[in-house]
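> Here's my sequence, what's the structure:
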Amino acid sequence: MSLNDTPRANRLHIGIFGKRNSGKSTLINAITGHNTALVSDVAGTTTDPVYKTMEICGIGPCVLIDTPGFDDEGHLGLMRVEKTRLAMEKTDIALIVCCDEDIREELYWIDLFKKRKTPFVIIINKADQIINAEYIARIFEESCKERPLIISAKNKTGIENIREEIMRKLPEDYDAASITGNLAGENDTILLVMPQDIQAPKGRLILPQVQTLRELLDKKCIVSSCTTDKLDQALANFVKPPKLIITDSQVFRIVYDKKPKESMLTSFSVLFANYKGDIHYYAESAAAIEQLTENSKVLIAEACTHAPLTEDIGREKIPHMLRKKVGEGLTVDIVSGSDFPADLSPYDLIIQCGACMFNRKYVLNRIEQAQTQKVPMTNYGVVIAYLTGILDKIEY
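So this is what the prediction gives:
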């Protein structure tokens, strides 16, 4: 997979935060070497987060997020600050940009990042214009025990130090996540069952299938694939049963009933529940289905912002399966993309998709929000496995 093909969700998300006119957009342009972000002396030029995909030497594929000033004012300003908060939820490492002595806002946001266990780098910008950069640096050191970098984004001085500091602050195991984990290794035989329905337009595979297949090839596995209607023929072609079968969750039960006893079984959605979120929490939360009644409310959260299609798994199939078990009166609300309610208390269960379009940090923040509000949260594949009676028989 080339750099340009690396999905945004698999890139390190580097968020740039600071007050209006602290030089965040200029810093983005200095790091990227392009006029990525609009720069102006007018405060509040950046009105929505700007996402720029690129590669930083030594770090690899990443996304730089240019955010509106967190000191914005007025009705529209408050809406922009909310956009900045959303960007914070997706940020793997934050760059806090400052250029004046009043650091109260910066310290407030630093505290938010600390609570989320998000690494951050403090940057004092405009060293070519301000005369008290060292004094500001000492204030930060005394307040949060962090030594800021002093740079000039406009003159492109100190930019290399930012790259080095990002590399130093990242956890050692940041890039260690694996889709298939210990389920597959070199020379293992793997069968992928991939029904090509309306959700997979002609000529394309959906992203979880592509990413899983690529990882298995990188692991030097021996991979076969088939559609559900060719499962019998595919299994007959194996000299001995495949070690692992990975299926689309929608045909979980069909594949389970036909699979060899020796073969392990999982699904793309379940694998991504572990890769992007907390599979054990999802599995525990699935038991909340037993407490649902016709008066209950369920929230289904899609990562994609696609137009609804017939036979849609989140909008059609899962609601149908739940209502078949609970009753037709069950209320099911749908949200997509980043439209996730701040108040989850009206809901008795949240069902998140595989989240292939989200980075892990954002999904874990959603899980933490649900746990804090004591609302159980699970995943598409986990729910289907539970409702078909095989959750305890699959691998994750």
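> tell me the mean pLDDT over the longest helix seen in the chain?
Counting by DSSP state H, the longest helix found in the chain is helix 74-90. Per-residue pLDDT over helix 74-90 has a mean of 86.
> tell me which residues in it are buried?
Residues of helix 74-90 classed as buried by neighbour count (16 or more other CB atoms under 10 Å): 77, 80-81, 83-84, 86-90. Glycine gets a C-beta too; all of them are placed from N, C-alpha and C.
> Save the residues you listed as TSV, and put in distance to Ile31 too.
Output for the buried residues of helix 74-90, formatted as TSV (distance: CB to CB, whole Å):
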residue	distance to Ile31
Gly77	26
Arg80	22
Val81	23
Lys83	21
Thr84	19
Leu86	22
Ala87	16
Met88	19
Glu89	22
Lys90	18
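> quick check, nearest of those to Leu216?
Closest approach between those and Leu216, by CB to CB: Lys90, at 27.5 Å.
> excluding its backbone neighbours, what's nearest Glu101?
Ile136 (5.7 Å; CB to CB, 6 or more residues apart in numbering).
> Remind me which helix or strand the one you found belongs to.
Under the criterion of DSSP states H and E, Ile136 resides in helix 133-144.
> Other residues contacting that helix?
For helix 133-144, contacts defined as CB atoms under 8 Å, 6 or more residues apart in numbering pick out 98-101, 103, 106-107, 110, 122, 124, 127, 130, 146-148, 150.
> Following element in sequence after that helix, please.
strand 149-150.
> now that following strand: how far from the chain's centre is it?
30 Å (CA atoms, centre = their mean, to the nearest Å).
> Equivalent analysis for stretch 104-120, please.
On CA atoms, centre = their mean, the centre of stretch 104-120 falls 20 Å from the chain's centre.
> so what secondary structure elements neighbour the helix or strand harbouring Ile28?
Using DSSP H and E, Ile28 falls within helix 24-32. Here helix 24-32 touches strand 12-18, strand 50-56, strand 60-66, strand 93-98, helix 159-169, going by 3 or more CB pairs under 8 Å, 6 or more residues apart in numbering; DSSP states H and E.
> Tyr380 is nearest to which of the ones you listed?
strand 12-18 (23.4 Å).
> Can you give me the neighbour number for the residue nearest to Glu101?
Neighbourhood size, Ile136 [other CB atoms under 10 Å]: 21.
> for Ser152, same thing?
21.
> same check, this time on the one 3 residues further on
Using other CB under 10 Å as the criterion, Asn155 is surrounded by 14 other residues.
> Over to Lys240?
Residues lying near Lys240 (other CB under 10 Å) number 9.
> Just the helices from the stretch 151-300 of the chain, written as ranges.
159-169, 207-218, 231-236, 252-258, 268-276, 279-285 (DSSP state H, counting those that start in this stretch).
> ok, and what's touching the second one?
So that's helix 207-218. 1, 7, 10, 178-180, 184, 190, 192, 194, 205, 223, 225, 246, 268-269, 271-272, 354, 356-357.
> repeat for the fifth one
Counting by CB under 8 Å, 6+ apart, the neighbours of helix 268-276 from elsewhere in the structure are 9, 177-181, 208-209, 212, 246-249, 279, 282, 352-356, 358-360, 363, 379-382, 384-385, 394, 396.
> Kindly export it (C-alpha atoms) in PDB.
Presented in PDB, the C-alpha positions along helix 268-276 are these (Å, rounded to 0.1, in the frame of the first residue of the first chain):
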ATOM      1  CA  PHE A 268     -14.200  -8.300  10.100                       C
ATOM      2  CA  SER A 269     -16.400  -6.200  12.400                       C
ATOM      3  CA  VAL A 270     -15.300  -8.100  15.500                       C
ATOM      4  CA  LEU A 271     -11.600  -7.800  14.500                       C
ATOM      5  CA  PHE A 272     -12.100  -4.100  14.100                       C
ATOM      6  CA  ALA A 273     -13.900  -3.900  17.400                       C
ATOM      7  CA  ASN A 274     -10.600  -5.000  19.000                       C
ATOM      8  CA  TYR A 275      -8.300  -3.000  16.600                       C
ATOM      9  CA  LYS A 276     -10.200   0.300  17.100                       C
END
